Each structure stands twice: as C-alpha cells, then as structure tokens.
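Undergrad: Provided below are the primary sequence and the corresponding predicted coordinates.
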Amino acid sequence: MPVDELDTRILRLLLEQPRTSVREYARILGVARGTLQARLDRLERDGVITGTAPALSPAALGHPVLAFVHIEVTQGHLDDVGDALAAVPEIVEAFSITGGGDLLARVVARDNAHLEDTVQKLISMPGVVRTRTEVALRERVSHRMLPLVESIGRSARG
C-alpha cells in the first residue's frame, strides 16, 4: 500500500481543511510536527500529493462551457500533437486514451462560438485527422478525492 492509516488521516485533513497550517494539522492528528512534516515530504516525494495550488473555476473565470474533445491523430504524430495541445490555453487537460480516438482533451470556452473556434484550431493542427466533441451539460460529480482516500484508509486498517 502506498499509504497507511496515518497518511489517509493526513490526506483527509488536507482535502477538508486545505488552508490549515502544518502545526495545526499536527495538533488535530495528535502527532509531532516533525512526524507530520516527514509524512508530507514522503507523500510529495512518492507523488501522492502532486500540488498545493488552489482549485480554480473556469466558469468563474468567464469560461462556463465545458467540452470533451476526442482527437484522432495520424500514426506516429501523437507526441507532436500532444505538444501542440499544450499551447492552447483553453485545453485544461489532455490524455492519451484507448477506444475512439487517440487523445481526449478537456476544453473550456466562453461560449459555443469560442468552443467552435477552439475545435477548429485543433482540427488545423498538423497530425490531427479528426475530432469529435461532446459538450457537458451539467456537472453531476465534481472532481473529488476524499471518497477514494477514505476507501484506502478503510483498507489500510483492516
């Protein structure tokens, strides 16, 4: 297991109270500050904790339209297209995938016209064969990690 019960308690606190100090986390958990800091350092080193940046809302930043764009790529051009996607600010994530297409991009836009312009930009990239766009209507489950952390914690206990 990559994490034990104390690690899961630490992760839960980080998710539930992200602006709390290390000293306060240690007090809440009943462990020494040095112990907590060593655990945090290890969790970061092991890639369990990948960042401390705030979560931002694309909608609040003026980009309420969310779409998922499947991108089919000419064989041998996956890396080139992936690099080109990184230059498009409206692409907030992109993954290599199996199934229908080679890449899946999460795209945000100001409105449908802006989304269309962004998709046209993708289509015109060298190596892109075709795209298929799906517009999200409503978020049903927001990005979350706490249920997974709790599940891992239960497994670590027993």
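TA: Okay, I see it.
Undergrad: how close does L148 get to V3?
TA: With distances taken as CB to CB, to the nearest Å, L148 is found 11 Å from V3. Where C-beta positions appear, they are placed from N, C-alpha and C, glycine not excepted.
Undergrad: more neighbours, those two?
TA: V3 (20 against 11; other CB atoms under 10 Å).
Undergrad: quick one: pLDDT of that one?
TA: Listed pLDDT for V3 reads 86.
Undergrad: Then D117?
TA: For D117, the model assigns a pLDDT of 98.
Undergrad: G101 too?
TA: 89.
Undergrad: hang on, it packs against L78?
TA: No: judged on CB atoms under 8 Å, G101 makes no contact with L78 at a distance of 11.1 Å.
Undergrad: In terms of packing, which of those two has more residues around it?
TA: Taking other CB under 10 Å, G101 and L78 do not tie; G101 has more neighbours (18 against 15).
Undergrad: Which element, helix or strand, includes the nearest residue to that one once chain neighbours are set aside?
TA: For G101, ignoring the flanking residues on the chain, the nearest one in space by CB to CB, 6 or more residues apart in numbering is H70 at 3.5 Å. Assessed by DSSP states H and E, H70 sits inside strand 65-73.
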